[in-house]
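**Q** Structure, please.
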Amino acid sequence: MLQGLFPTNILEALQKLNINKLYEIRLRVGQAIIVDYAGTYFLSVDGITDKESSAIICDKKLIDLIIANACNNSVYAFNDEIKQGFITFSKGIRIGLAGQCVIDGDQTKTIKNLTSLNIRIPHVIKNCSLPIFDYVTKPLIQNTLIISPPGAGKTTFLRDIAYQISSNLNKNVLIVDERNEIANCVNGIPQNTFGNFCDILTNCTKQFGLENGIRSLRPDVVITDEIANLEDINAIVYALGCGVKVFATAHCDDIENLKLKKNFEKIIENKYFDRYVILSSDEGPGTIDSVYDKNFKCIYF
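**A** Residues are numbered from 1 along each chain as shown. Predicted coordinates:
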């Protein structure tokens with residue numbers, strides 16, 4: 001999975017690890033390489049260590065090499081992703097970027113002089129949505145908002161919901177994947193499996209994806225990630241008004257904090273969502289904490 005991205009010495013160190021327990025590799029110029037390996041550790045030539053003195057140190061040449069490898073030595077061709085802060089590598093590996101933003105007016109044109117990378121390793125947790133599947137699909141499919149802090153498995157949960165609805169209910173599913181995080185498409189080909197009834201729009205705004213996708217692809221269910229601003233909320237409301245069912249996510253700790261989030265008053269007051277699924281990482285990403293109905297009554301815990 002990691003071949004072709006890292007130089008030999010880093011790859012050999014990573015190959016000593018169990019890929020199923022590896023979630024993130026963080027590289028910062030001049031700092032020790034850190035891995036999320038069911039816990040936070042340093043990367044050493046022998047695998048993982050809790051001793052910084054034994055860690056492999058990242059330098060600028062390593063950052064530049066990884067980026068060149070991820071872009072097939074054509075960084076310019078990946079600029080549409082780079083200016084959004086990420087690069088998608090094969091097998092759904094996603095590389096978050098930090099560096100110097102180049103701004104033109106109110107638009108980010110690119111990110112250059114990269115100094116930090118967060119390489120996220122995708123994990124498919126098959127059937128993780130099944131414990132509450134009936135709560136969000138019976139007697140009819142329910143408009144559902146999945147809530148959790150960053151890193152607690154919202155996108156993993158969405159992937160499984162998309163697969164289950166497509167494969168088990170034979171409903172037409174449209175994934176509007178604004179930042180290519182759900183399907184992890186490479187050259188348009190999804191790196192995850194969603195069954196026979198799924199269509200995917202990537203690298204488009206929610207407004208474009210929902211408005212045009214609903215008109216042209218006639219989905220029964222629309223799935224999209226990370227409602228963040230008023231434009232996203234208006235796009236969701238548009239979709240709901242078209243009679244399709246919507247599954248979306250939001251960064252938040254719990255129901256009470258959701259009620260305080262800016263711009264969410266419209267969604268909450270009008271009860272646009274029938275279900276709120278709360279996730280945590282207590283037992284690993286995608287742990288289902290509870291489910292609430294549209295009146296914020298807890299119906300699963």
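
**Q** in the stretch 1-150 of the chain, which spans are helices?
**A** 8-14, 60-70, 79-82, 133-137 (DSSP state H, counting those that start in this stretch).

**Q** So, low pLDDT: which residues of the protein?
**A** Along the chain, segments meeting pLDDT under 70 span 284-285.

**Q** Would you tell me which helix is longest in it?
**A** Of all segments of type helix in the chain, defined using DSSP state H, the longest is helix 154-168.

**Q** what's the spacing between the residue with the largest distance to the centre of the chain and Ile103?
**A** In the chain, the greatest distance from the average C-alpha position (CA atoms, centre = their mean) is reached by Ser53, at 33.0 Å. As defined by CB to CB, to the nearest Å, Ser53 lies at a distance of 40 Å from Ile103. Bear in mind the C-beta positions are built from the backbone N, C-alpha and C, glycine included.

**Q** Ok, Lys16 next?
**A** Computed with CB to CB, the distance linking Lys16 and Ile103 is 42 Å.

**Q** And this protein, what are its domain boundaries?
**A** As given by automatic domain parsing, the domain ranges for the chain are 8-120, 130-300.

**Q** So which of the ones you listed is the most surrounded?
**A** domain 130-300 (a mean of 18; mean count of other CB atoms under 10 Å).

**Q** who's in contact with stretch 246-253?
**A** Outside stretch 246-253, the residues within contact range by CB atoms under 8 Å, 6 or more residues apart in numbering are 136, 143-150, 154-155, 157-158, 161-162, 221-228, 236, 239-240, 258, 261, 264, 273.

**Q** Please pull up the helix or strand immediately following the longest helix of the chain.
**A** Counting by DSSP states H and E, the element after helix 154-168 in chain order, helix or strand, is strand 173-177.

**Q** For the stretch 1-150 of the chain, which segments count as strands?
**A** Assigned by DSSP state E, counting those that start in this stretch, the strands in the stretch 1-150 of the chain fall at 24-28, 34-36, 40-44, 47-49, 86-88, 94-104, 107-120, 144-148.

**Q** Repeat that for the stretch 151-300 of the chain.
**A** Secondary structure of the stretch 151-300 of the chain by DSSP E, counting those that start in this stretch: the strands cover 173-177, 198-202, 221-224, 245-251, 275-280, 287-293, 298-300.

**Q** Relative to Gln107, which of the ones you listed is closest?
**A** Counting by CB to CB, Gln107 lies closest to strand 198-202 out of the strands of the stretch 151-300 of the chain; the figure is 20.1 Å.

**Q** could you give the angle of that closest one to helix 154-168?
**A** 150 degrees (axes from the mean of the first three to the mean of the last three CA atoms, to 10 degrees).

**Q** Please name every helix or strand in contact with strand 198-202.
**A** Judged by 3 or more CB pairs under 8 Å, 6 or more residues apart in numbering; DSSP states H and E, strand 198-202 is in contact with helix 154-168, strand 173-177, helix 206-217.

**Q** what's next to it, contact-wise?
**A** Residues outside strand 198-202 that contact it (CB under 8 Å, 6+ apart) are 162-163, 166, 172-178, 180, 182-183, 185, 188, 190, 194, 209, 212-213, 217, 219.

**Q** swap in stretch 181-189?
**A** 88-94, 122, 155, 158-159, 162, 175, 177, 190-192, 194, 200, 202, 223, 225-226.

**Q** can you give me the offset of it from its chain's centre?
**A** Mean C-alpha position of stretch 181-189 versus that of the full chain (CA atoms, centre = their mean, to the nearest Å) differs by 11 Å.

**Q** cool, and stretch 156-173?
**A** Relative to where its chain is centred, stretch 156-173 has its mean C-alpha point 16 Å off (CA atoms, centre = their mean).

**Q** Just the CA coordinates for that stretch, please, in CSV.
**A** What follows is stretch 156-173 as a C-alpha-only set of coordinates in CSV (Å, rounded to 0.1, in the frame of the first residue of the first chain):
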residue,chain,number,x,y,z
THR,A,156,-15.6,5.6,7.7
PHE,A,157,-19.2,5.4,8.9
LEU,A,158,-20.5,7.2,5.7
ARG,A,159,-18.6,4.8,3.5
ASP,A,160,-20.3,1.8,5.1
ILE,A,161,-23.8,3.5,5.1
ALA,A,162,-23.3,4.1,1.3
TYR,A,163,-22.4,0.5,0.8
GLN,A,164,-25.2,-0.9,2.9
ILE,A,165,-27.9,1.2,1.3
SER,A,166,-26.6,0.5,-2.2
SER,A,167,-26.0,-3.2,-1.7
ASN,A,168,-28.8,-4.2,0.7
LEU,A,169,-31.6,-1.8,-0.1
ASN,A,170,-30.8,-1.5,-3.9
LYS,A,171,-31.3,2.3,-3.7
ASN,A,172,-29.6,4.7,-6.0
VAL,A,173,-26.9,6.5,-3.9
